[in-house]
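> Turn this into a model:
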Amino acid sequence: PLRAIVSFSQLLDAEYGNRLGEPGVRYIRNIVAAGSRMNALINDLLEYSRLAMQGLRLQETDIRSVIEKTLAILEPQIAESGATVECDPLPTVRADDLQLGTVFQNLIGNALKFRREGVPPRIRISACREEGAWRFVVKDNRIGIHPDYYGKIFVIFERLHHRDRYPGNGMGLAIAKRIVERHGGRIWVQSEPEKGSTFSFTLPDL
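Residues are numbered from 1 along each chain as shown. Prediction:
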(Lines give C-alpha, C1' and ligand atoms only; values in the text may rest on other atoms or scores of the structure.)
Protein backbone atom coordinates (compact mmCIF):
# COMPACT_ATOMS: atom_id res chain seq x y z
CA PRO A 1 0.00 0.00 0.00
CA LEU A 2 2.76 2.46 0.80
CA ARG A 3 4.48 1.85 -2.54
CA ALA A 4 1.12 2.41 -4.27
CA ILE A 5 0.63 5.75 -2.48
CA VAL A 6 4.09 6.94 -3.52
CA SER A 7 3.80 5.63 -7.08
CA PHE A 8 0.38 7.14 -7.77
CA SER A 9 1.46 10.44 -6.22
CA GLN A 10 4.44 10.51 -8.57
CA LEU A 11 2.11 9.79 -11.51
CA LEU A 12 -0.14 12.66 -10.44
CA ASP A 13 2.87 14.97 -10.33
CA ALA A 14 4.13 13.84 -13.75
CA GLU A 15 0.80 13.82 -15.61
CA TYR A 16 -1.29 16.48 -13.89
CA GLY A 17 1.23 18.71 -12.14
CA ASN A 18 0.81 21.49 -14.69
CA ARG A 19 -2.92 21.66 -13.89
CA LEU A 20 -2.56 21.67 -10.13
CA GLY A 21 -0.42 24.76 -9.80
CA GLU A 22 2.48 25.32 -7.44
CA PRO A 23 0.63 24.53 -4.15
CA GLY A 24 -0.81 21.27 -5.53
CA VAL A 25 2.57 20.12 -6.82
CA ARG A 26 4.15 20.97 -3.45
CA TYR A 27 1.51 18.92 -1.61
CA ILE A 28 2.06 15.91 -3.86
CA ARG A 29 5.82 16.08 -3.46
CA ASN A 30 5.39 16.27 0.31
CA ILE A 31 3.31 13.06 0.10
CA VAL A 32 6.06 11.36 -1.93
CA ALA A 33 8.79 12.50 0.48
CA ALA A 34 6.82 11.39 3.55
CA GLY A 35 5.95 8.05 1.95
CA SER A 36 9.57 7.43 1.03
CA ARG A 37 10.68 8.20 4.61
CA MET A 38 8.03 5.84 5.98
CA ASN A 39 9.18 3.11 3.60
CA ALA A 40 12.75 3.52 4.82
CA LEU A 41 11.57 3.42 8.45
CA ILE A 42 9.63 0.20 7.83
CA ASN A 43 12.64 -1.44 6.16
CA ASP A 44 14.92 -0.43 9.05
CA LEU A 45 12.41 -1.65 11.61
CA LEU A 46 12.11 -4.99 9.80
CA GLU A 47 15.89 -5.35 9.84
CA TYR A 48 15.98 -4.53 13.56
CA SER A 49 13.21 -7.04 14.35
CA ARG A 50 14.73 -9.72 12.13
CA LEU A 51 17.89 -9.73 14.23
CA ALA A 52 15.93 -11.19 17.13
CA MET A 53 14.73 -14.10 14.98
CA GLN A 54 17.90 -14.91 13.08
CA GLY A 55 20.32 -17.40 14.52
CA LEU A 56 23.92 -16.28 14.78
CA ARG A 57 26.08 -17.91 12.11
CA LEU A 58 29.22 -18.06 14.21
CA GLN A 59 32.44 -18.89 12.41
CA GLU A 60 36.10 -17.91 12.35
CA THR A 61 35.95 -14.37 10.97
CA ASP A 62 38.90 -12.34 9.72
CA ILE A 63 38.03 -8.79 10.81
CA ARG A 64 40.40 -7.30 8.24
CA SER A 65 38.40 -9.02 5.50
CA VAL A 66 35.14 -7.71 7.01
CA ILE A 67 36.56 -4.16 6.98
CA GLU A 68 37.72 -4.46 3.36
CA LYS A 69 34.24 -5.53 2.26
CA THR A 70 32.66 -2.74 4.28
CA LEU A 71 34.95 -0.11 2.75
CA ALA A 72 34.11 -1.39 -0.73
CA ILE A 73 30.40 -0.83 0.01
CA LEU A 74 31.12 2.67 1.36
CA GLU A 75 33.55 3.63 -1.43
CA PRO A 76 31.23 6.28 -2.99
CA GLN A 77 30.83 8.09 0.35
CA ILE A 78 34.54 7.79 1.10
CA ALA A 79 35.47 9.28 -2.28
CA GLU A 80 32.86 12.05 -2.05
CA SER A 81 33.99 13.14 1.42
CA GLY A 82 37.73 12.80 0.79
CA ALA A 83 37.98 10.52 3.82
CA THR A 84 41.05 8.67 5.03
CA VAL A 85 40.50 5.28 6.65
CA GLU A 86 43.37 3.53 8.42
CA CYS A 87 43.42 0.07 9.98
CA ASP A 88 45.75 -1.29 12.61
CA PRO A 89 46.36 -5.07 12.65
CA LEU A 90 43.05 -6.80 13.33
CA PRO A 91 42.36 -10.27 14.77
CA THR A 92 40.32 -13.25 13.72
CA VAL A 93 37.35 -13.87 16.02
CA ARG A 94 34.39 -16.21 16.20
CA ALA A 95 31.42 -14.16 14.98
CA ASP A 96 28.68 -13.80 12.38
CA ASP A 97 30.64 -12.07 9.62
CA LEU A 98 27.60 -10.56 7.87
CA GLN A 99 26.16 -9.06 11.05
CA LEU A 100 29.58 -7.82 12.13
CA GLY A 101 29.90 -6.15 8.73
CA THR A 102 26.66 -4.30 9.50
CA VAL A 103 28.15 -3.01 12.76
CA PHE A 104 31.26 -1.63 11.02
CA GLN A 105 29.20 -0.25 8.13
CA ASN A 106 27.05 1.73 10.57
CA LEU A 107 30.01 3.01 12.61
CA ILE A 108 32.15 3.99 9.62
CA GLY A 109 29.15 5.29 7.68
CA ASN A 110 28.21 7.58 10.57
CA ALA A 111 31.76 8.93 10.72
CA LEU A 112 31.46 9.81 7.03
CA LYS A 113 28.00 11.35 7.40
CA PHE A 114 28.42 13.39 10.58
CA ARG A 115 31.57 15.14 9.44
CA ARG A 116 32.59 18.70 10.14
CA GLU A 117 32.12 21.07 7.25
CA GLY A 118 35.34 21.59 5.33
CA VAL A 119 37.19 18.90 7.32
CA PRO A 120 37.81 15.59 5.50
CA PRO A 121 36.93 12.60 7.72
CA ARG A 122 39.80 10.69 9.31
CA ILE A 123 38.89 7.26 10.61
CA ARG A 124 41.11 4.77 12.41
CA ILE A 125 40.08 1.21 13.20
CA SER A 126 41.98 -0.77 15.81
CA ALA A 127 41.64 -3.68 18.21
CA CYS A 128 43.17 -4.70 21.52
CA ARG A 129 42.83 -7.70 23.75
CA GLU A 130 41.05 -7.39 27.08
CA GLU A 131 40.36 -10.03 29.69
CA GLY A 132 38.27 -12.64 27.89
CA ALA A 133 37.39 -10.34 25.00
CA TRP A 134 38.56 -8.31 22.04
CA ARG A 135 37.85 -4.59 22.07
CA PHE A 136 37.35 -2.96 18.67
CA VAL A 137 37.66 0.81 18.27
CA VAL A 138 36.47 3.12 15.49
CA LYS A 139 37.92 6.60 16.09
CA ASP A 140 37.02 9.63 13.96
CA ASN A 141 37.21 13.42 13.78
CA ARG A 142 33.47 14.02 13.27
CA ILE A 143 31.30 16.77 14.77
CA GLY A 144 31.27 14.96 18.10
CA ILE A 145 28.56 14.11 20.61
CA HIS A 146 27.77 15.80 23.93
CA PRO A 147 28.04 13.39 26.89
CA ASP A 148 24.35 13.98 27.72
CA TYR A 149 23.46 12.06 24.55
CA TYR A 150 25.76 9.05 24.89
CA GLY A 151 22.89 6.73 25.87
CA LYS A 152 20.30 8.30 23.59
CA ILE A 153 22.14 7.60 20.33
CA PHE A 154 21.76 3.82 20.77
CA VAL A 155 17.96 4.03 21.17
CA ILE A 156 15.76 3.05 18.23
CA PHE A 157 14.58 6.00 16.08
CA GLU A 158 16.46 8.57 18.20
CA ARG A 159 18.11 11.38 16.24
CA LEU A 160 20.27 14.26 17.46
CA HIS A 161 20.09 16.26 14.23
CA HIS A 162 17.37 17.27 11.80
CA ARG A 163 17.12 15.00 8.76
CA ASP A 164 17.44 18.03 6.44
CA ARG A 165 21.06 18.34 7.57
CA TYR A 166 21.94 14.69 8.15
CA PRO A 167 19.74 12.05 6.47
CA GLY A 168 18.79 8.79 8.17
CA ASN A 169 16.23 7.26 10.50
CA GLY A 170 18.18 6.91 13.73
CA MET A 171 18.35 3.11 13.42
CA GLY A 172 21.99 2.40 12.63
CA LEU A 173 23.44 2.48 16.14
CA ALA A 174 20.42 0.68 17.61
CA ILE A 175 21.01 -2.13 15.10
CA ALA A 176 24.74 -2.16 15.90
CA LYS A 177 23.98 -2.37 19.63
CA ARG A 178 21.58 -5.29 19.16
CA ILE A 179 24.14 -7.21 17.05
CA VAL A 180 26.98 -6.64 19.52
CA GLU A 181 24.82 -7.66 22.49
CA ARG A 182 23.68 -10.82 20.68
CA HIS A 183 27.34 -11.73 20.35
CA GLY A 184 27.73 -11.29 24.13
CA GLY A 185 29.53 -7.94 23.94
CA ARG A 186 28.77 -4.31 24.68
CA ILE A 187 29.12 -1.02 22.79
CA TRP A 188 29.75 2.54 23.99
CA VAL A 189 31.04 5.93 22.87
CA GLN A 190 33.36 8.65 24.10
CA SER A 191 33.36 11.98 22.34
CA GLU A 192 34.25 15.66 22.37
CA PRO A 193 32.06 18.12 20.43
CA GLU A 194 33.87 19.42 17.33
CA LYS A 195 36.85 17.12 17.98
CA GLY A 196 35.63 13.61 17.22
CA SER A 197 34.19 10.41 18.62
CA THR A 198 35.53 7.02 19.63
CA PHE A 199 33.11 4.10 19.36
CA SER A 200 34.19 0.91 21.09
CA PHE A 201 32.61 -2.53 21.25
CA THR A 202 33.68 -5.88 22.65
CA LEU A 203 33.35 -9.44 21.41
CA PRO A 204 34.05 -12.42 23.64
CA ASP A 205 37.36 -14.14 22.88
CA LEU A 206 35.81 -17.60 22.32
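
> pull the helix or strand with minimum mean pLDDT from this protein.
Of all helical and strand segments in the chain, the minimum by mean pLDDT, DSSP states H and E falls on helix 2-53, at a mean of 83.

> Show me what it is packed up against.
helix 172-182 (3 or more CB pairs under 8 Å, 6 or more residues apart in numbering; DSSP states H and E). Any C-beta I mention is one placed from the backbone N, CA and C, and that applies to glycine too.

> What lies in contact with the following helix or strand past the helix it packs on?
With elements assigned by DSSP states H and E, the helix or strand that comes after helix 172-182 is strand 187-192. For strand 187-192, contacts defined as CB atoms under 8 Å, 6 or more residues apart in numbering pick out 144-147, 150, 153-154, 176-177, 180-181, 197-202.

> Now do strand 187-192 and helix 172-182, the angle between them.
Relative orientation of strand 187-192 and helix 172-182, computed by axes from the mean of the first three to the mean of the last three CA atoms, to 10 degrees: 140 degrees.

> partner strands of strand 187-192, parallel or antiparallel?
strand 196-204 (antiparallel) (DSSP bridges).

> Tell me the buried residues in the partner strand?
The neighbour-count check on strand 196-204 (16 or more other CB atoms under 10 Å) flags Gly196, Ser197, Phe199, Ser200, Phe201, Thr202, Leu203 as buried.

> quick one: contacts for the last one?
Taking CB under 8 Å, 6+ apart as the contact definition, Leu203 lies against Val93, Ala95, Ala133, Trp134, Phe136, Val180, His183, Gly184, Gly185.

> List of residues touching the host helix or strand of the fourth one?
Assigned by DSSP H and E, Trp134 falls within strand 133-140. Counting by CB under 8 Å, 6+ apart, the neighbours of strand 133-140 from elsewhere in the structure are 63, 90-91, 93, 104, 107-108, 111, 121-129, 185, 196-205.

> Dig out what the nearest residue in space to Ala111 that is not next to it in sequence forms beta bridges with.
Nearest residue to Ala111 in three dimensions, chain neighbours excluded: Asp140, at 3.8 Å (CB to CB, 6 or more residues apart in numbering). On the basis of DSSP bridges, Asp140 takes part in beta bridges with Ile123.

> hang on, the earlier thing: now the buried residues of strand 196-204 in TSV, please, with extra columns for distance to Ser36 and pLDDT.
As requested, these are exported to TSV (distance: CB to CB, whole Å; pLDDT from 0 to 100):
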residue	distance to Ser36	pLDDT
Gly196	32	88
Ser197	29	91
Phe199	29	94
Ser200	34	96
Phe201	31	96
Thr202	36	96
Leu203	35	94
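
> Please convert those residues to JSON lines, extending it with distance to Thr70.
Below are those laid out as JSON lines (distance: CB to CB, whole Å):
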{"residue": "Gly196", "distance to Thr70": "20"}
{"residue": "Ser197", "distance to Thr70": "18"}
{"residue": "Phe199", "distance to Thr70": "14"}
{"residue": "Ser200", "distance to Thr70": "17"}
{"residue": "Phe201", "distance to Thr70": "14"}
{"residue": "Thr202", "distance to Thr70": "19"}
{"residue": "Leu203", "distance to Thr70": "16"}
